[in-house]
Structures are given as structure tokens and as C-alpha cells.
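Trainee: pasted the sequence and its predicted model underneath.
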Amino acid sequence: MKRAHKPTARIALLGDDRGHTSHRELNALIPRLGDECGALAEWLPSDSAFDVREYDRVWLVPGSPYASDKAVYEALTTVREQKIPFLGTCGGMQYAVIEYLRNVIGSSASHAESDGEAEDNAVEALACSLYGEKRLVIPTEGTRFHTWCPEPFAGMHFCNFAPSEAAITTLEAAGVVVGARAEDAGAEVLEFPGDAFFVASMFQPHIGASAGSPIHPLIRAFVASATREA
């Protein structure tokens, strides 16, 4: 008889379960996080009445635009200011970039998909869609991501938008580290400065959960990261 782990972390999957492939894979991952990592993960719909401070960690999952973009941006600000360990993937990365540009760097920043095309688009349409596409993700030596993933690997994407190179340059000047890159995708992983775990990726590390693939090292690092009280 398998002994249940005592939950060590309560994780909010902030986003809206619309039944997409990515969301089905997240649902397949949830019980595995409990069995293998002792983490209790649950969906937190963006248009619900929620408080991310009730969770030990927040994962802003794919699926943008969200049912409530306003609530998502407000949650990102809370996560950053309260130093709640954070993981953002695909749309989660894009929105984290915009929130950081707006509220930390003080730049005008918008999203081409949800806000429309404009001169201040910090997230733009990809020249080549990566929806349902794999790309070789190459970790950057000397980064935290490189310690978790020392070798290149094939990362799955379901995205048509990504942070612009101009936005990435601005972020790097402010201390954000590019943890990995990939052809057609540009910056694949971003490591934001600060004491708390705050990492975002374009590739979706949970894809393969339903087939029994090992839990990705990025997810394991997120689950194992120190809590606010540590």
C-alpha cells in the first residue's frame, strides 16, 4: 500500500482549464506532484475570487488571454512583492514580463494578442508559430537553469506570441537572466532577480505527464524552492 506524502507545498495553478492539450497534461501532472513531490496543486481560475497569498507557490499556467487579465496582473504584482515562489510558462512567462516591465522597470508595455498591436508591444507575434512544435532548448552556462538542466533538450511549445528582443534587452539590463534560448523562440527561460524563486519559460515542462514522462527538473526545482518563511 502506497503511503501518502504529507503535503509540503500548496501550489496554485493560476489559469483557466479550457480542456486544451496543455491543460489536460496539467491535470495529469497534479496527482503525480502529490505522489512524487508531496505537493498539493489545484486550479485557481483567474476570474474567481482568490488570494494568491493563501498559497505557498504560484504557477501561472498557459492559456492566455486569461478570463481575467486584470486579476492575473494584480496576482503577479502580489507574488513578486510578497516573494511567493513563482513559475510562469508560455502565457505565464509573457504576462510576467509585462508586469515586470510596467511595475518594476517603469516601461510602457503591452501584449499584442490581448491589447492589440502597438508600438509598446513587449510581447509580439512570433515570426513562425510554435503551436504544437518542439525546439531544442539550449541552457545558458552559469545560470540556475543550467544547474537544473545541464544538457540541451527538446521542449514542447503551444505558443504564437513571445517577448520581443527589445523587451528581453531591457530586462537583461535590469538584472533578469536568460537561462536558455531556442531557435525561433528567442529567450526560452528567464530568471528574475531577487531572493525568491521567480522563473518563467516559453516551453511547457509539464507536457508528457500523461504518458508518464519524468517530472521536468524545472518543475522539481520550483516545488523544492524555499517558501517565503524560509
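Mentor: Yep, that arrived.
Trainee: what does the lengthiest helix in the chain rub up against?
Mentor: Longest helix of the chain, by residue count under DSSP state H: helix 21-37. For helix 21-37, contacts defined as C-beta atoms under 8 Å, 6 or more residues apart in numbering pick out 2, 4-5, 7-9, 11, 13, 15, 17, 39-42, 61-63, 90, 158, 204, 206-210, 215, 219-220, 223-224. For glycine as for every other residue, the C-beta is placed from the backbone atoms N, C-alpha and C.
Trainee: show me which residues of it are buried.
Mentor: Residues of helix 21-37 classed as buried by neighbour count (16 or more other C-beta atoms under 10 Å): 22-23, 25-30, 32-33, 37.
Trainee: can you lay out those as a markdown table showing pLDDT?
Mentor: Shown next, in a markdown table, are these (pLDDT from 0 to 100):
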| residue | pLDDT |
| --- | --- |
| S22 | 96 |
| H23 | 97 |
| E25 | 98 |
| L26 | 98 |
| N27 | 98 |
| A28 | 98 |
| L29 | 98 |
| I30 | 98 |
| R32 | 97 |
| L33 | 97 |
| C37 | 94 |
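Trainee: helix/strand/coil for the nearest residue to P152 once chain neighbours are set aside?
Mentor: Closest residue to P152 apart from its sequence neighbours, by C-beta to C-beta, 6 or more residues apart in numbering: I138 at 4.8 Å. Using DSSP: H, G, I helix; E, B strand; the rest coil, the structure places I138 in strand.
Trainee: flag the shaky bits of the chain, pLDDT-wise.
Mentor: Within the chain, the stretches with pLDDT under 70 are 1-7, 227-230.
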